[in-house]
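1. Structure for this input, please:
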Amino acid sequence: MEDKTILLSLALSMLFVILLSKLVSISKKPRLNLPPGPWTLPVIGSIHHLASNPNTHRVLRALSEKHGPLMQLWLGEVPAVVASTPEAAREILKSQDLRFADRHVTSTVATVSFGASDIFFSPYGERWRQLRKLCTQELLTATRVRSFSRVREDEVARLVRELAASAGGAAVDLTERLGRLVNDVVMRCSVGGRCRYRDEFLDALHEAKNQLTWLTVADLFPSSRLARMLGAAPRRGLASRKRIERIIADIVREHEGYMGGGGGEAAAAGKDCFLSVLLGLQKEGGTPIPITNEIIVVLLFDMFSGGSETSATVMIWIMAELIRWPRVMTKVQAEVRQALQGKVTVTEDDIVGLNYLKMVIKETLRLHCPGPLLVPHRCRETCKVMGYDVLKGTCVFVNVWALGRDPKYWEDPEEFKPERFENSDMDYKGNTFEYLPFGSGRRICPGINFGIANIELPLASLLYHFDWKLPDEMASKDLDMQEAPGMVAAKLTSLCVCPITRVAPLISAPGPYLLPNNILEARPNPAHSEPEADLFLAISLLSRDLAAVTFSPHTLRLPDPHRPPPSSKMKFISAYLLATLAGNPNPSAEDLSTILESVGAEVDHGKMDLLLSQLAGKDITEIIASGREKFASVPCGGGGIAVAAAAPAAGGGAAPQSEAKKEEKVEEKEESDDDMGFSLFD
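-> Got it, this is the predicted structure:
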């Protein structure tokens, strides 16, 4: 009994010593001077303060006005700090940039972003530096971005044609149209062309982005295994990632097949796309980090996820603000139309000197930066910021939306005044901390040039070709300007507007070439001789079912309505000739598709891209002359073309042939077309 008493006394004494030592050690620790913040609740911390408004950046600005420029929050058990003034932003993004160079990665983000192995979420270190260097020096250089000008011009011309076709007073969903435009541009720049996986991939990407929008229980309590086990978000995130991974792998395999075949879309139109560059570097080797298939997947994921939604979002906000501010709309349209007077299409060379247009873009990015809180940073070590202690592991938000509306730095900050950027040296490089639409420091957005290029040309084209009004006599002041919740502050409701054509595009859908009644409405280029014969050459090759074509002052008739259809090669050459003779000196693949589809012809995009690459730089007169000569030698009735004004054709042409004769003639026609091939362009 005495032994038990002694043991109990020893145990109590040891417990007392342990508790005393803990108290002493705590008393010796310096008290932390955390930034001020709103009151917290047990377990959930500050979460309840964020529930008042789905737009977190607005809530955080209101809270910071009460608690100061650097504010402490607790997101469950995760410490968070919010910087809401230029001074606080400068401390984090410049003065102590290295201490905040990591990204805050939640369990959901880690799952969706391939284990945080991409450029956006990778921890700061050698691997991230090499990935960023790869992007900035190989994929997103100013030269590389300029090399995609034809892609942007093609896609914008297509959008303008679509809008012109619907410009009869009906409203169009500009949000949907611009989203599709930017997605197609990014797709073509990334993988060389539109691919059959586009819609599936964009759906998977949208699903993944939605999962990154909201905090889950596992994100709020990362130390809890139970929260991770019970949460469904990681499982959904993994499913999204696997789906994206599979689609990108299929795209890569398809692209490698094109390259290996020496032709088709990738070789002809996409030889300089991001994927081709990455595959070339992978094959050559010698890069600081090996270009593995995994790296190709994550870089393409970054291009698609970071390069599409933000540019489309900014353009929608620009158009919405211009409609709300008619004075600015009138001024920017006057600048664009004066600079481009007499042109039928807008090119990137045309917009270099449009200074007010660029001010409109800057002002929109001030009011509606696509990422209002940037991608969250993470404190790598406990440090002092503005006299306060910021703990290691703290999630750090920079409220760039609040910076752009700070009345201390901006006069009338809630008004849309592009003139405020006149004679200003503010740019997108992150050196003026009251204006950081793309961030600053080591983690500044690497795709600024690419993003701005995807905004300027579409915007200039929309303002040049069309006037804009709201449907149903809606007043501009009634336009809904609410923001959608999420990492990207998009417009909550779609922007539905009515385009009114002021400058008609060169080619407008459904196509000015061949209308349903087979009447040609093409404008021959006066620089070419014999335009009527050249046009008929193109048309007669294009469709055997065209009974008559009216081209003032001549009526042209096909001599043989039963002749077999032309080969695909001849169809493409014919469509090319027809486009150039109608006044389009550099027809795109989309222009040729418009012509061919108007007569029900099937379109092989790979062969068409090959044709365009072979025609590049050729003199159109040489192409026409050689095409006419070759056509005359084809035994398909070509030599019997009759121009009605000179020698009127008689009625319906040759009598029907026997089946055997027809088959023989089809074979002969195919052989002659194959003989013609592309020898002219070899």
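2. what about the strands in the protein?
-> Under the criterion DSSP state E, the chain contains strands at 70-75, 78-83, 102-103, 172-173, 377-378, 383-385, 388-390, 395-398, 466-469, 496-501, 548-551, 554-557, 642-643.
3. out of those, which comes closest to residue 51?
-> Closest approach to residue 51 among the strands of the chain is made by strand 70-75 (12.4 Å; Cβ to Cβ). Using the backbone N, CA and C atoms, a C-beta is placed for each residue, glycine as well.
4. gap between the closest one and the chain center?
-> How far strand 70-75 lies from its chain's middle: 34 Å, per Cα atoms, centre = their mean, to the nearest Å.
5. residues making contact with that strand?
-> Contact partners of strand 70-75, identified using Cβ atoms under 8 Å, 6 or more residues apart in numbering, comprise 34-38, 40, 45-47, 49, 60, 63-64, 79-84, 88, 91, 215, 219-220, 385-386, 388, 395.
6. What are the boundaries of the helices in the stretch 151-300 of the chain?
-> Counting by DSSP state H, counting those that start in this stretch, the stretch 151-300 of the chain has helices at residues 174-191, 198-213, 217-220, 225-230, 233-261, 264-268, 274-284, 293-307.
7. likewise the stretch 401-550 of the chain?
-> Under DSSP H, counting those that start in this stretch, the stretch 401-550 of the chain gives helices at 448-465, 531-542.
8. where among these is the average confidence lowest?
-> Per-stretch mean pLDDT for the helices of the stretch 401-550 of the chain is lowest at helix 531-542 (a mean of 45).
9. rank the helices of the stretch 151-300 of the chain by mean pLDDT and give me the bottom one.
-> Among those, helix 264-268 has the lowest mean pLDDT, at a mean of 47.
10. in the chain, which helix or strand is least confident?
-> Of all helical and strand segments in the chain, the minimum by mean pLDDT, DSSP states H and E falls on strand 642-643, at a mean of 28.
11. Report the contact partners of residue 608.
-> By Cβ under 8 Å, 6+ apart, the contact list for residue 608 reads 572, 589, 592, 593.
12. quick one: contacts for residue 426?
-> Going by Cβ under 8 Å, 6+ apart, residue 426 touches 362, 432, 435.
13. Export those to a markdown table and append columns for neighbour count, pLDDT and distance to residue 413.
-> Shown next, in a markdown table, are those (neighbours: other Cβ atoms under 10 Å; pLDDT from 0 to 100; distance: Cβ to Cβ, whole Å):
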| residue | neighbour count | pLDDT | distance to residue 413 |
| --- | --- | --- | --- |
| 362 | 19 | 98 | 14 |
| 432 | 17 | 95 | 15 |
| 435 | 24 | 97 | 12 |
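14. Residue 257: which of those residues is nearest?
-> residue 362 (43.3 Å).
15. pretty sure that closest one is touching residue 417, no?
-> No. The pair residue 362 / residue 417 is not scored as a contact, 10.8 Å apart, by Cβ atoms under 8 Å.
16. Tell me if I'm right that residue 122 and residue 116 touch.
-> Yes. Between residue 122 and residue 116 there is a contact under Cβ under 8 Å: 6.0 Å.
17. Mutual contacts of the two, please.
-> Common contact partners of residue 122 and residue 116 (Cβ under 8 Å, 6+ apart): residue 103.
18. ok, residue 490 - contacts?
-> 309, 313, 316, 370, 483, 484.
19. Need the buried ones from those residues selected in PyMOL.
-> To isolate the buried members of those in PyMOL, using 16 or more other Cβ atoms under 10 Å:
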select buried, resi 309+313+316+370+483
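20. now, the most widely separated pair of the contacts of residue 490?
-> Put simply, by Cβ to Cβ the two of those set farthest apart are 309 and 483, 13.7 Å from each other.
21. hang on, the earlier thing: with respect to residue 458, which of the helices of the stretch 151-300 of the chain lies nearest?
-> Closest to residue 458 of the helices of the stretch 151-300 of the chain, according to Cβ to Cβ: helix 174-191, at 6.2 Å.
22. Next, the buried residues of that closest one.
-> Going by neighbour count (16+ other Cβ under 10 Å), the buried part of helix 174-191 is 174-175, 177-191.
23. Where does the prediction get shaky in the stretch 451-600 of the chain?
-> The stretch 451-600 of the chain contains residues with pLDDT under 70 at 506-571, 578, 580-586, 596-600.
24. what does the stretch 1-150 of the chain give?
-> 1-30.
25. how close does the residue nearest to the spatial centre of the chain get to residue 254?
-> Of all residues in the chain, the one closest to the mean position by Cα atoms, centre = their mean is residue 308, 2.8 Å from it. In this view, residue 308 and residue 254 are 20 Å apart by Cβ to Cβ, to the nearest Å.
26. With residue 300 instead?
-> Taking Cβ to Cβ as the measure, residue 300 falls 13 Å from residue 254.
27. more neighbours, the two?
-> Per other Cβ atoms under 10 Å, whichever of residue 300 and residue 254 has more neighbours is residue 300, with 22 against 17.
28. tell me the contacts of that one?
-> Residues near residue 300 by Cβ under 8 Å, 6+ apart: 190, 191, 248, 251, 274, 275.
29. possible to save the residues you listed as JSON lines with distance to residue 332?
-> Converted to JSON lines, the contacts of residue 300 look like this (distance: Cβ to Cβ, whole Å):
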{"residue": "190", "distance to residue 332": "30"}
{"residue": "191", "distance to residue 332": "34"}
{"residue": "248", "distance to residue 332": "39"}
{"residue": "251", "distance to residue 332": "38"}
{"residue": "274", "distance to residue 332": "32"}
{"residue": "275", "distance to residue 332": "36"}
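30. quick check, nearest of those residues to residue 100?
-> residue 274 (29.1 Å).
31. wait, doesn't the closest one sit right on residue 299?
-> Yes. Using Cβ under 8 Å, residue 274 is in contact with residue 299, at 7.4 Å.
32. shared neighbours, the two?
-> Common neighbours of residue 274 and residue 299, using Cβ under 8 Å, 6+ apart, are residue 139.
33. Quick check: chain neighbours aside, which residue is closest to residue 387?
-> Using Cβ to Cβ, 6 or more residues apart in numbering and skipping residues adjacent in sequence, the residue nearest residue 387 is residue 33, 7.2 Å away.
34. That neighbour touches residue 389, doesn't it?
-> Yes. With contact defined as Cβ under 8 Å, residue 33 counts as touching residue 389 (5.2 Å).
35. between the two, who's got more neighbours?
-> More neighbours surround residue 389 than the other of residue 33 and residue 389, with 16 against 10 (other Cβ under 10 Å).
36. where's the more buried one relative to residue 104, distance?
-> Distance of residue 389 to residue 104, computed by Cβ to Cβ: 18 Å.
37. before we move on, what about residue 398?
-> Distance of residue 398 to residue 104, given as Cβ to Cβ: 12 Å.
38. Overlap in contacts, these two.
-> Each of residue 377 lies in contact with both residue 398 and residue 104 under the rule Cβ under 8 Å, 6+ apart.
39. Comparing these two, which residue is more hemmed in?
-> In this view residue 398 and residue 104 are compared by other Cβ under 10 Å, and residue 398 has more residues nearby, 28 against 21.
40. ok, now which ones touch the more buried one?
-> By Cβ under 8 Å, 6+ apart, the contact list for residue 398 reads 82, 83, 88, 89, 92, 93, 373, 374, 377, 436, 439.
41. Please list all residues in contact with residue 460.
-> 336, 340, 346, 350, 351, 354, 357.
42. Just give me the neighbour total for the residue lying closest to it once chain neighbours are set aside.
-> Nearest non-adjacent residue to residue 460, counting by Cβ to Cβ, 6+ apart: residue 351, 4.8 Å away. By other Cβ under 10 Å, 20 other residues sit near residue 351.
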